[in-house]
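Q: Show me the folded form of this:
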Amino acid sequence: MEKKPHFKATLMYLTTEDGGIVTPVSSGFRIVIRFPYGNQECMANQTFLDQELVFPGDTVVADLIFLNADEMSEKIYEGMDFELLINSNIIGSGLVTEKYPTEDKTD
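A: Numbering: from 1, shown residues only. Okay, the predicted model is just below:
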């Protein structure tokens with residue numbers, strides 16, 4: 001069963017000179033997200049909606065799926081900002097633009 005995205009966000013990647021990614025990344029790229037409450041971090045998979053490749057300095061719209069913290073979907077809200085990280089280095093930021101409904105877990 002394929003997981004459905006938890007939310008849609010606008011992602012702003014830093015330029016290489018500002019500490020961002022060095023090479024382009026493709027849809028399906030896994031990233032660590034740090035939310036402002038308690039500096040809680042979780043891993044997410046990104047699916048870029050308007051393009052397949054993202055270059056340093058690009059701003060894109062993406063659907064994101066939490067990989068190890070489904071409970072995080074209950075804490076996010078539209079308009080919430082967050083940081084994008086790789087190896088504890090901030091490589092960009094994001095803004096939740098749409099929260100998708102959670103799946104009904106009853107059978």
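
Q: So in this structure, which strand runs the longest?
A: strand 89-99 (DSSP state E).

Q: which secondary structure elements does that strand contact?
A: strand 7-13, strand 81-86 (3 or more CB pairs under 8 Å, 6 or more residues apart in numbering; DSSP states H and E). Where C-beta positions appear, they are placed from N, C-alpha and C, glycine not excepted.

Q: Quick check: which of those is buried the most?
A: strand 7-13 (a mean of 20; mean count of other CB atoms under 10 Å).

Q: model confidence over that one, on average?
A: The pLDDT scores in strand 7-13 average 97.

Q: Now do the next helix-or-strand element following it: distance to the chain's middle.
A: As assigned by DSSP states H and E, the chain's next helix or strand after strand 7-13 is strand 25-26. Taking CA atoms, centre = their mean, to the nearest Å, one finds the center of strand 25-26 at 13 Å from the center of the full chain.

Q: Okay, now the sheet partners of the helix or strand just after strand 25-26, with direction.
A: Sequence order places strand 30-34 as the next helix or strand after strand 25-26, per DSSP H and E. Note on strand 30-34: by DSSP bridges, its sheet partners are strand 41-48 (antiparallel), strand 81-86 (antiparallel).

Q: isn't Leu53 right up against Ser26?
A: Yes. Proximity of Leu53 to Ser26 meets the contact threshold set by CB atoms under 8 Å, at 5.6 Å.

Q: got a list of what the most centrally placed residue in the chain touches?
A: Residue closest to the mean C-alpha point of the chain, counted by CA atoms, centre = their mean, is Leu64 at 5.1 Å. Counting by CB atoms under 8 Å, 6 or more residues apart in numbering, Leu64 touches 5-9, 33, 44-47.

Q: Swap in 10 Å and give it another go.
A: Contact analysis of Leu64 by CB atoms under 10 Å, 6 or more residues apart in numbering lists 5-9, 11, 31, 33, 42, 44-47, 73, 76, 82, 94, 96, 100.

Q: Who does the closest residue to it other than its chain neighbours form a beta bridge with?
A: Spatial nearest neighbour of Leu64, excluding adjacent residues (CB to CB, 6 or more residues apart in numbering): Ala44 at 4.6 Å. With DSSP bridges as the criterion, Ala44 is bridged to Ile31, Phe66.
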